[in-house]
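**Q** Starting from these lines, generate the structure:
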Amino acid sequence: MNSSIAEESPNGKFVHTVLFWLKNPDSKKDREAFEKSLTKFVNTSVFIKTKHLGVPASTDRPVIDKTYSYCLMVTFDSREMHDKYQEEVAHKVFISESEHLWKKVLIYDSENILK
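**A** Down below sits the predicted model:
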């Protein structure tokens, strides 16, 4: 995995988690292209507060889903910042560059309720 995406603790008020299932998860070429495009996008976004790009951990419990290829988790100071991120040109470029690589995407958005 590309190390230019810093792993940071999620501390934003709005968390956007995206799970990607690649069409060809064993293809080194596809993985490199996906990581390059996604890394370029998240490192240029002006709205992301923290970011994490990961692959399934080696944990093994019945409740853990390890079928995905990548997990992107980004945080924002507010839902409004998330909404602006969705409209960023860089976000749209990432989608157009990479959508042919994935077969499935699931998104989980959550707002922090802890004080």
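**Q** counting contacts, what elements does the helix or strand harbouring residue 16 pack onto?
**A** Assessed by DSSP states H and E, residue 16 sits inside strand 14-22. On a contact count with 3 or more Cβ pairs under 8 Å, 6 or more residues apart in numbering; DSSP states H and E, strand 14-22 meets helix 28-44, strand 70-76, helix 79-87, strand 102-111. Every C-beta, even on glycine, is put in place using the N, C-alpha and C of the backbone.
**Q** can I get those in JSON lines with distance to residue 60 and mean neighbour count?
**A** Below are the helices and strands packed on strand 14-22 laid out as JSON lines (distance: least, Cβ to Cβ, whole Å; neighbours: other Cβ atoms under 10 Å):
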{"stretch": "helix 28-44", "distance to residue 60": "23", "mean neighbour count": "16"}
{"stretch": "strand 70-76", "distance to residue 60": "17", "mean neighbour count": "21"}
{"stretch": "helix 79-87", "distance to residue 60": "33", "mean neighbour count": "14"}
{"stretch": "strand 102-111", "distance to residue 60": "21", "mean neighbour count": "12"}
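**Q** Dump those into TSV; add distance to residue 13 and mean pLDDT as well.
**A** Putting those into TSV (distance: least, Cβ to Cβ, whole Å; pLDDT from 0 to 100) gives the following:
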stretch	distance to residue 13	mean pLDDT
helix 28-44	18	97
strand 70-76	7	97
helix 79-87	8	96
strand 102-111	7	97
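**Q** Give the pairing partners of the strand holding residue 16; include direction for each.
**A** Using DSSP bridges, strand 14-22 pairs in its sheet with strand 70-76 (antiparallel), strand 102-111 (antiparallel).
**Q** ok, residues contacting that strand?
**A** If you take Cβ atoms under 8 Å, 6 or more residues apart in numbering as the criterion, strand 14-22 is touched by 30-31, 34, 67-79, 81-82, 85, 101-112.
**Q** gap between residue 18 and residue 102?
**A** Applying Cβ to Cβ, to the nearest Å, one obtains 10 Å for the distance of residue 18 from residue 102.
**Q** Equivalent analysis for residue 88, please.
**A** When distances are taken as Cβ to Cβ, residue 88 and residue 102 turn out to be 19 Å apart.
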